[in-house]
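S.K.: I'll drop the sequence and a predicted model, then ask my questions.
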Amino acid sequence: MFLKRTFSFDAAHRLIHYHGKCEALHGHTYRLAVTLRGETDREGMILDFVELKAIVNEKVLSRLDHAYLNDLLEQPTAEYIARWIWGELETPLARPNCRLHEIEVWETASSSVILRREDMEPGRVS
Ligand SMILES: Nc1nc2c(c(=O)[nH]1)N=C([C@H](O)[C@H](O)COP(=O)(O)OP(=O)(O)OP(=O)(O)O)CN2
Ligand SMILES: [Zn+2]
(Lines give C-alpha, C1' and ligand atoms only; values in the text may rest on other atoms or scores of the structure.)
(Ligands and ions follow the chains in the order given, each with its own letter.)
Protein backbone atom coordinates (compact mmCIF):
# COMPACT_ATOMS: atom_id res chain seq x y z
CA MET A 1 0.00 0.00 0.00
CA PHE A 2 1.11 3.57 -0.63
CA LEU A 3 0.84 6.57 1.69
CA LYS A 4 1.26 10.09 0.33
CA ARG A 5 1.34 13.57 1.83
CA THR A 6 1.85 16.85 -0.01
CA PHE A 7 3.63 20.00 1.11
CA SER A 8 4.69 23.32 -0.36
CA PHE A 9 7.56 25.74 0.01
CA ASP A 10 8.59 29.05 -1.52
CA ALA A 11 12.14 29.43 -2.72
CA ALA A 12 14.36 31.41 -5.08
CA HIS A 13 16.92 30.09 -7.52
CA ARG A 14 18.77 30.65 -10.75
CA LEU A 15 19.96 28.01 -13.18
CA ILE A 16 23.58 28.81 -13.89
CA HIS A 17 24.16 26.06 -16.49
CA TYR A 18 21.26 27.14 -18.66
CA HIS A 19 20.63 29.61 -21.44
CA GLY A 20 17.23 31.21 -21.13
CA LYS A 21 15.05 33.15 -18.76
CA CYS A 22 15.75 30.76 -15.86
CA GLU A 23 19.36 31.96 -15.71
CA ALA A 24 18.01 35.03 -13.91
CA LEU A 25 17.11 35.06 -10.24
CA HIS A 26 13.45 34.11 -9.79
CA GLY A 27 11.21 32.18 -7.44
CA HIS A 28 8.63 29.42 -7.32
CA THR A 29 6.03 28.08 -4.97
CA TYR A 30 7.16 24.48 -5.14
CA ARG A 31 4.91 21.56 -4.28
CA LEU A 32 6.34 18.38 -2.83
CA ALA A 33 4.70 14.96 -2.52
CA VAL A 34 6.33 12.31 -0.33
CA THR A 35 5.13 8.75 -0.88
CA LEU A 36 5.91 5.75 1.32
CA ARG A 37 5.30 2.13 0.47
CA GLY A 38 4.63 -0.41 3.17
CA GLU A 39 2.24 -2.41 5.28
CA THR A 40 -0.05 -1.28 8.07
CA ASP A 41 1.16 -1.66 11.66
CA ARG A 42 -0.83 -2.57 14.78
CA GLU A 43 -2.38 0.92 14.81
CA GLY A 44 -3.59 0.34 11.25
CA MET A 45 -1.12 2.88 9.83
CA ILE A 46 1.75 2.72 7.38
CA LEU A 47 3.05 5.82 9.17
CA ASP A 48 1.20 8.41 11.21
CA PHE A 49 0.56 11.42 8.90
CA VAL A 50 1.43 13.65 11.86
CA GLU A 51 4.85 12.03 12.19
CA LEU A 52 5.46 12.29 8.45
CA LYS A 53 4.65 16.00 8.55
CA ALA A 54 7.02 16.60 11.46
CA ILE A 55 9.90 14.79 9.74
CA VAL A 56 9.43 16.57 6.41
CA ASN A 57 9.17 19.92 8.19
CA GLU A 58 12.33 19.32 10.18
CA LYS A 59 14.52 17.72 7.51
CA VAL A 60 13.38 19.50 4.36
CA LEU A 61 11.00 22.45 4.66
CA SER A 62 12.94 24.18 7.42
CA ARG A 63 15.89 24.30 4.99
CA LEU A 64 14.11 25.03 1.72
CA ASP A 65 11.27 27.38 2.58
CA HIS A 66 12.22 31.01 1.84
CA ALA A 67 15.72 29.87 0.94
CA TYR A 68 18.02 30.67 -1.97
CA LEU A 69 18.42 27.18 -3.39
CA ASN A 70 21.77 27.91 -5.04
CA ASP A 71 23.25 28.05 -1.52
CA LEU A 72 22.43 24.34 -1.29
CA LEU A 73 22.80 23.10 -4.86
CA GLU A 74 24.94 24.45 -7.69
CA GLN A 75 22.22 23.85 -10.29
CA PRO A 76 18.89 23.70 -8.42
CA THR A 77 16.69 22.08 -11.03
CA ALA A 78 13.61 20.23 -9.88
CA GLU A 79 15.53 17.01 -10.63
CA TYR A 80 18.41 17.89 -8.30
CA ILE A 81 16.07 19.25 -5.63
CA ALA A 82 14.19 15.93 -5.68
CA ARG A 83 17.45 14.01 -5.27
CA TRP A 84 18.51 16.22 -2.39
CA ILE A 85 15.15 15.69 -0.67
CA TRP A 86 15.48 11.93 -1.14
CA GLY A 87 18.86 12.01 0.61
CA GLU A 88 17.41 13.96 3.54
CA LEU A 89 14.35 11.74 4.02
CA GLU A 90 15.34 8.18 3.19
CA THR A 91 16.86 7.28 6.55
CA PRO A 92 14.51 9.25 8.85
CA LEU A 93 11.48 7.66 7.17
CA ALA A 94 12.75 4.07 7.13
CA ARG A 95 10.67 1.74 9.35
CA PRO A 96 10.40 -2.05 9.67
CA ASN A 97 7.01 -1.83 7.92
CA CYS A 98 7.67 0.88 5.32
CA ARG A 99 10.18 2.95 3.40
CA LEU A 100 10.38 5.94 1.11
CA HIS A 101 9.02 5.10 -2.33
CA GLU A 102 8.70 8.34 -4.32
CA ILE A 103 9.43 12.05 -4.24
CA GLU A 104 7.58 14.37 -6.61
CA VAL A 105 8.58 18.02 -6.91
CA TRP A 106 6.42 20.49 -8.86
CA GLU A 107 8.24 23.62 -9.91
CA THR A 108 5.08 25.08 -11.40
CA ALA A 109 1.49 23.88 -11.39
CA SER A 110 2.13 22.10 -14.68
CA SER A 111 5.73 20.81 -14.38
CA SER A 112 7.04 18.16 -12.00
CA VAL A 113 9.71 15.51 -11.64
CA ILE A 114 9.21 12.11 -10.04
CA LEU A 115 12.05 10.25 -8.34
CA ARG A 116 11.42 6.62 -7.35
CA ARG A 117 13.44 4.15 -5.31
CA GLU A 118 14.57 2.32 -8.45
CA ASP A 119 16.10 5.57 -9.76
CA MET A 120 18.36 5.65 -6.71
CA GLU A 121 19.77 2.16 -7.21
CA PRO A 122 23.55 2.17 -7.79
CA GLY A 123 24.44 2.31 -11.47
CA ARG A 124 21.16 3.90 -12.53
CA VAL A 125 21.32 7.14 -14.50
CA SER A 126 18.77 9.49 -13.02
N1 LIG B 1 13.78 19.65 -16.64
C2 LIG B 1 13.74 20.90 -16.12
N3 LIG B 1 13.53 21.95 -16.92
C4 LIG B 1 13.48 23.19 -16.39
C5 LIG B 1 13.63 23.38 -15.02
C6 LIG B 1 13.87 22.25 -14.20
O7 LIG B 1 14.02 22.33 -12.97
N8 LIG B 1 13.92 21.04 -14.78
N9 LIG B 1 13.53 24.63 -14.52
C10 LIG B 1 13.30 25.70 -15.27
C11 LIG B 1 13.17 27.06 -14.63
O12 LIG B 1 13.40 27.01 -13.26
C13 LIG B 1 11.89 27.86 -14.92
O14 LIG B 1 11.54 28.70 -13.83
C15 LIG B 1 10.68 27.10 -15.26
O16 LIG B 1 10.26 27.64 -16.47
P17 LIG B 1 8.77 27.53 -17.04
O18 LIG B 1 8.34 26.12 -17.04
O19 LIG B 1 8.77 28.27 -18.29
O20 LIG B 1 7.97 28.24 -15.88
P21 LIG B 1 6.99 29.46 -15.93
O22 LIG B 1 6.54 29.74 -14.53
O23 LIG B 1 7.60 30.59 -16.66
O24 LIG B 1 5.80 28.82 -16.70
P25 LIG B 1 4.86 29.45 -17.77
O26 LIG B 1 3.81 28.40 -17.98
O27 LIG B 1 5.73 29.66 -19.00
O28 LIG B 1 4.35 30.72 -17.19
C29 LIG B 1 13.23 25.59 -16.74
N30 LIG B 1 13.29 24.25 -17.20
ZN1 LIG C 1 12.83 28.29 -11.86
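M.R.: On my side now, so go ahead. Everything numeric here is computed off the predicted structure, so don't read it as measured data. Ligands and ions are numbered 1, 2, ... in the order given.
S.K.: ok, the residue nearest to Ala12 when sequence neighbours are not counted to ligand 1 distance?
M.R.: Leaving aside its chain neighbours, Ala12 sits nearest to Gly27 (4.3 Å; criterion: CB to CB, 6 or more residues apart in numbering). Using the backbone N, CA and C atoms, a C-beta is placed for each residue, glycine as well. Here Gly27 is placed at a distance of 9 Å from ligand 1 (CB to the nearest ligand atom, to the nearest Å).
S.K.: where's Gly27, which helix or strand?
M.R.: strand 26-38 (DSSP states H and E).
S.K.: so how far is ligand 1 from the closest residue to His17 other than its chain neighbours?
M.R.: Spatial nearest neighbour of His17, excluding adjacent residues (CB to CB, 6+ apart): Gln75 at 5.2 Å. According to CB to the nearest ligand atom, Gln75 stands 9 Å off from ligand 1.
S.K.: give me the pLDDT value at Gln75.
M.R.: Note on Gln75: pLDDT of 97.
S.K.: what about it, which SS state?
M.R.: coil (DSSP: H, G, I helix; E, B strand; the rest coil).
S.K.: which neighbouring elements make contact with the longest helix seen in the chain?
M.R.: The longest helix of the chain (DSSP state H) is helix 78-93. Packed against helix 78-93 by the contact rule (3 or more CB pairs under 8 Å, 6 or more residues apart in numbering; DSSP states H and E) you find strand 26-38, helix 49-56, strand 98-108, strand 111-116.
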